[in-house]
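> Quick one: sequence plus predicted model below, questions after.
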Amino acid sequence: MNNIEDILVTRLVETYFISYTYSVVYLFTHQTTISLYLVKHILSGITRCIQFLSAFTGVFFLGGCNLDTRMSTFVTKGPVAETQYDLFMLTVWVTLGIFIAVGGAFAFAIIKFRERPNDDRPMPSQGHGNPLVEIGLIGASILLLVIIAVPTLQGIWYTHDTPEDPESFMGAWYSGEELAEEEAENPLIVKVIGYQWWWAFEYPQLGITTANEMVIPAGKVVHLELRSFDVIHSFWLPRIAGKVDLIPGRTNSMWIQAGDNFLRWKEKQGVAGPKEESPALRADYAAYLEEEIHNYYYGQCAEYCGDSHARMHFRATVVDNEEFAEWVIDERTGHGTPDGKTWDDWYADYADNPDSLTGDLNEGLKLFMGRAKCATCHVVKGNPRALGVAGPNLTNVGSRMSIAAGWLNHRIEEDGSIDLKKQYDNFYKWIKETDVVKPGNRMWKAGGGGIGELIDENGEPALLTEDEIHKLSLYLQSLK
Amino acid sequence: MSDTEHQEDGHGSLVINNKKLLMWLFLGSDCMFFGTLISTHLIYRKLYPESYDPLLVFDLELTSFSTFILLMSSFLMALAVSAMHKGELKSFRRNTIGVIFFGLIFLACQVYEFAHFTNEGLTLSTNTFGSTFYMMTGTHGVHVAIGVFWLICLYFYSYTGKMDAHESAIDVEVAGLYWHFVDIVWIIIFTAVYLIEYIPGLH
Amino acid sequence: MSQTETEIHAPSTIQAPKTHELKPERSQLGFMRPDHSKSVIMDWLTTVDHKKIGIMYGTIALFFLLVGGFEALIIRTQLAFPENDLISAQRYNQLFTMHGTTMIFLAIMPLNAAFFNFLVPLQIGARDVAFPRINSFSLWAFVAGAIVINFGWVLQALQVMGLFEASGPTAGMTDLAPAMGWFGYAPLTGTNFTGAGTDFWIMGLQILGIASLSAAMNFVVTIVNMRAPGMKMMRMPVFTWMTLVVSLLIVFAFPAITIALGQLMFDRCFGTNFFVVAGGGQPILWQHLFWIFGHPEVYILVLPAMGIISEILPVFSKKPLFGYSIVVFSGAVIGFLGFAVWSHHMFTTGLGKVATAAFSLLTMAIAVPTGVKIFNWVGTLWGGRVRFSAPMIFSLGFVWMFMMGGFSGIMHSSAPADAQQQDSYFVIAHFHYVAIGGIFLAVVAGIYFWLPKMIGKMWKGNLSTWVAIFSTVGLNVTFFPMHFLGLLGMPRRTHTYLEGFGWETYNLVCTIGAYILAFGILLLVIDIIRCFRNGEPAGNDPWDARTLEWATTSPPQVYNFAKTPIIPARDALWEDKYGPENRKITYEDDHGHGIHMPSQSWMPFIAALGFIPVGLGMSLMQAGIPYMGYVAIFGLLVVGFGIALWAIEGPGGYHMHPEIDAA
Amino acid sequence: MTDTEYTPLPVATDSHKDTETERYHTFVNLALVLAAITGIELVLVYMPFHPIFIFTSLLALSLFKFVAVVAWFMHLIYDKLILTLAFGTGMVIATGTFVALGFLLSRKWVDVDAITQF
């Protein structure tokens, strides 16, 4: 091998080492400035050429390096995700240590012991190893793993069982009515059921069901029961908790909590004594929930579940206790008819004299109940004849920030309100081309019952017209 | 049969006959096959103890009989291998035909059992019990059938005059190992699948 | 192929002491054996020579590596931009399923098998493997499995060209290519969710399992029994040791998947309830059975890579492997522990606290022997004289990248942390660092190291450096950002994603990286072709190597060693070259008998090809096409007859007399 | 082997014959024992003992039968250790897997509503 090649290859190896140290290090420097200084000291002896390379790597990652994103596991908003994140960072620090030690030794060995041109060193000694070194290294690696293992075990125990937190018992915070006596000592329970490709959220204690967008109170433990209707799905709300699978034939459970409870929050604030209690503290705590926790969270199915797996999102809105109670009442009440008639009257007119029901909303409702066959699969609370359970519950669908299991969004990110124009477009798009938005969807083709299979009296295909879709969209938008 | 090609070219470190080692490895592997099948069966039994009562169809007398038959065939197989090592071709044939005969009886019992169970309403698709039971015992039955076929081949091969006490003894021994394995699998199945169902009040 | 040169090197029989013409003889069936054929095709189809079989494994595996890489490129292109609609969701799902299946079963495993086949008999000083015809059977069964598994693509291509339509008798042919992920989680593999592609996948994997099992048993017997005199277990090269461990893993792990696939096939074809929820089936059981196989499979893939590296590092440091016995022992421990950690793939399935904790700790435990290997590699370099030849560059890259993959592995072992990482792009990053940074780089290192031995030609020029630069840079640009993608919440196996989740830049960078990596692989292919076409003769020992395979000619003669070597020490060739007098290799006298060579045979080829009608027949029968059950039975008969005739035809064999050449 | 230079070995040496005869007696005795054990098993399940006792006894008896066949009929005690290792590894892994699966899959999380078969 000639000289130039030798140098080239040495450079190549150096480049490996340096660019890797730097890029891994960059991840951690994001956390604290202290570590940045530390790393700077470690890197201080490195030449200009290397600094150029690091700068290159830095720019490369800086470009896309915003860790506070919608589904980030870095910026956590709940004790479960926080525990998981802390453990992750622990493993990161431990492996970083090993990386620096072993990688350093490795790089040193490569550079120090490389063959030089006209090398006249004697033949390396043909030693077969050193038992003491071996055993020492094995011991050291076991020790390092114990550092990870102990908190891991604590973490497993902490994140596994729903904690008995008196503040989270329904009786302690839920102000709404109609709560069975024995439920007062339970946390809020939500049954999560996965379907291809949407989510049902049932609140058995409150007798309500919603779909794709769950609502939970801030700072309270929520117990989730996870089931699947067809194939395996996985419930993942990254900022609040890691995932647990929904497996057909089996019931899994997990617990989530958006934001800390009062006790944990106090500990983090460094307030002396767990018994410490004062209205001012309570107010601070409420402000913490209000500012940091009340929000709209993004989740997604994390286990491959067929064609439209990528489009199986869900959302969680975290609200305060009062808002939660209001939301429950809203859900329970459901919807009346478009022009305030009773449902009985409306149905009487619908049967005898449908033409008397005019206006876009009434037309939309007629389609909903009739030609478009929506009511065979969807529930709209209040409407006594919309009782189908094969599809998502549409009660208050107009208040949701997204439709089609989170795929079509109309939330204005700045203030969290609904973009009505966008919402209309989304409904329109969804009804018009369900199969394009979500390939394989049963709303489009359900073996003869889907809206992509609608037929007229002669058995000819007769999809919904643009006008009909327009009216249906308006009607659905009015469900809020 | 004569699968080993050139073990003679193996060198001084030859530890053990190639074919024999191959067969033992296969049997080790087969342990995992049957381990998986039996695990599946027992796990579903454990998960759904009430879903099906196998005593509705099981017939312990018949199963014990076929177990006994299989044990005895294993005994005869051991004698056949021993005879082959001693170079007693006649004794080998006598014992082998006995093994084949017993193997066929076992298969007949199993066919009868399957037919009987099906008549009683237990099929592959009735429930998990049916699925796991038929697949497990069926796989075992296929093993027995292959063994019988193999022994029949060896039996007729012994008339070609190409058998010798050295290489053919190994061939017979390997076939014998396979046969014994089929027997021990049945020993486990007999206890784990049949007998324990009869213990009163275990579930 | 230049392999025909081997024939020219074959000893000229005219000079043999007994005038011993090499002519084909009749088998016990009365057919002419296909030995000494002038037809190259016939020679390769019927060969039982482990070297030719190895080369065929390697060639086919490289082809599938390119196929799988192409599939990956389409996947990455689709993901370059949010809400991209380059390909449909279904096509994307087929692509990632087949990408995984192809890479694992049709690229990496056979690449490893190529090295096993070519090297193990040479490294232990044997003439061939213990059962040469079973070896040939394994190769062709692998080919049959590959055809069955990829048959869906063929049909789909025909469909696109308008030559095939799912109607009439073929109306049941939906989902032509498999689309349920390479671990096929039930119940997505059930008949209500997926179509014919799943059947091709099941049957193809089943056939590949038979191929792997028969090959693995063969290698165990070979390594245990066929070692040259003096080649004690603790004198074997580490690569041979890893082959032994991997073969045992295959022997004990594959039955689990075979049974699971059998149960699944019964569910689909005969209405059983193993994984059908309504009938009481528990889909979770599939996951357990799959990973009982699947985790050892991970080590089946990676241990040979570790073996290759353990061979190359000593050669280019001019030092023996540091801590040989502990490297060997840790390999065995990894293999054994590999059976006890399967549920760490299932931390999110709700195993319960105790089981989660147990599997979490066991997974951490398995990091220790893996770490030991890395320490020992560093120890090997330490104090040596490191030469940066092509194989060494890739080996050093391997240690580096494999370490990265190992670290994210440790992160996974902490079950609560894994709850965030599982099924996200973080996992993708982890196992691609292991698979590309680890296995692929090691295999490339192995190709650069051993190709001169295989074809007798030396590499030309320095393209290898560029291969190294492009593939490692490409690999890192592709997969390093994926750690962030996963931690920012992007689930794997999603055919598209919405804007606004902070994933756009990372995905674009990953895609660019994938093309850089692809360019590196393209350069590799070019380099291999250049070596074949323009390589200078390599000589027996171009790298100043240490192990026995370098003691024979390049390429080795059909009989490997003219005389059986007697091995006095570990690193036999090195001791022979530089060691004291009492450690030189001596050779056995063959007493003028010549070398007994096994005869070639058509039967393994025929028996293995019978698997194609079995696989396709069963799959198409499930899709409801008439008479396909008979096709499957016909295939089974072909397999059965092939094996029976193979048994009856007798092993045959002939003698060669290389001593004249050797003199 | 169709090796032309192959010379068939003498059929068997006397000592070889003696060991085979010795084994013959072992085999006969073992066959009797195995038959007897099967009989005992058969009776045992109908005995009014505690189920756990019967279960344990059955386990022990079938284990004995298993080991006996493997050791004597299959010549494992006469053969090289490596064969025991090859088979034993398979047995250990299979048993371990079975036990682990038994612990991992339990009735308590079965979603009975989803199963329509019964």
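Structure received.

> Nearest spatial neighbour of the residue of the stretch 201-350 of chain C found nearest chain A, chain-adjacent residues omitted?
Proximity of the stretch 201-350 of chain C to chain A (CB to the nearest CB) peaks at C:G323, 3.4 Å away. (C-beta placed from N, C-alpha, C; glycine too.) Closest residue to C:G323 apart from its sequence neighbours, by CB to CB, 6 or more residues apart in numbering or on different chains: A:G129 at 3.4 Å.

> same question, C:G181
Nearest residue to C:G181 in three dimensions, chain neighbours excluded: A:Y304, at 5.0 Å (CB to CB, 6+ apart).

> Ramachandran angles for the spatially closest residue to D:A94 that is not a sequence neighbour?
Counting by CB to CB, 6+ apart, B:G35 is the residue found nearest to D:A94 once chain neighbours are left out, at 2.9 Å. As for B:G35, its main-chain torsions (degrees, to the nearest 10) stand at phi -60, psi -40.

> Wait, B:G35 touches D:V99, no?
No - proximity of B:G35 to D:V99 does not meet the contact threshold set by CB atoms under 8 Å, at 10.4 Å.

> Who has more neighbours out of the two?
B:G35 (26 against 11; other CB atoms under 10 Å in any protein chain shown).

> mind listing the helices for chain D?
Secondary structure of chain D (DSSP state H): helices at D:14-44, D:51-68, D:81-104.

> Quick check: mean pLDDT of the first one?
Across helix D:14-44, the average pLDDT comes to 84.

> Centroid-nearest residue for chain C?
C:M109 (1.5 Å; CA atoms, centre = their mean).

> Return the residues in contact with that one.
C:M109 makes contact with C:A61, C:L208, C:S212, C:I300, C:L301, according to CB atoms under 8 Å, 6 or more residues apart in numbering or on different chains.

> same deal with A:H233?
Per CB under 8 Å, 6+ apart, neighbours of A:H233: A:G194, A:D245, A:L246, A:C301, A:E303, A:C305, A:M312.

> before we move on, what about C:A114?
C:G54, C:I55, C:Y57, C:G58, C:A61 are the contacts of C:A114 under CB under 8 Å, 6+ apart.

> okay but the third one is in contact with C:L111, surely?
Yes - counting by CB under 8 Å, a contact exists between C:Y57 and C:L111, whose distance comes to 7.5 Å.

> Can you pull the domain assignment for chain A?
Domains of chain A are assigned by automatic domain parsing as A:2-60, A:79-114+A:126-160, A:167-328, A:334-477.

> Wait, a helix at A:Y298?
No - counting by DSSP: H, G, I helix; E, B strand; the rest coil, one finds A:Y298 to be strand, located in no helix.

> pLDDT value on the residue lying closest to it once chain neighbours are set aside, please?
Nearest residue to A:Y298 in three dimensions, chain neighbours excluded: A:R70, at 4.3 Å (CB to CB, 6+ apart). Looking at A:R70, its pLDDT is 91.

> So A:R70 belongs to a helix, correct?
No - under three-state DSSP, A:R70 sits outside any helix and is assigned coil.

> what about it, how many neighbours?
Neighbour tally, A:R70, other CB under 10 Å: 19.

> quick one: which of the contacts of C:M109 is nearest chain B?
C:S212 (11.0 Å).

> list the contacts for the closest one?
Counted by CB under 8 Å, 6+ apart, C:S212 has contacts C:M109, C:A113, C:S138, C:F142, C:I250, C:F254.

> So which of these belong to strands?
Counting by DSSP state E, none of the members of these fall within strands.

> and A:A446, which of the three is it?
Quick answer, by three-state DSSP: A:A446 is coil.
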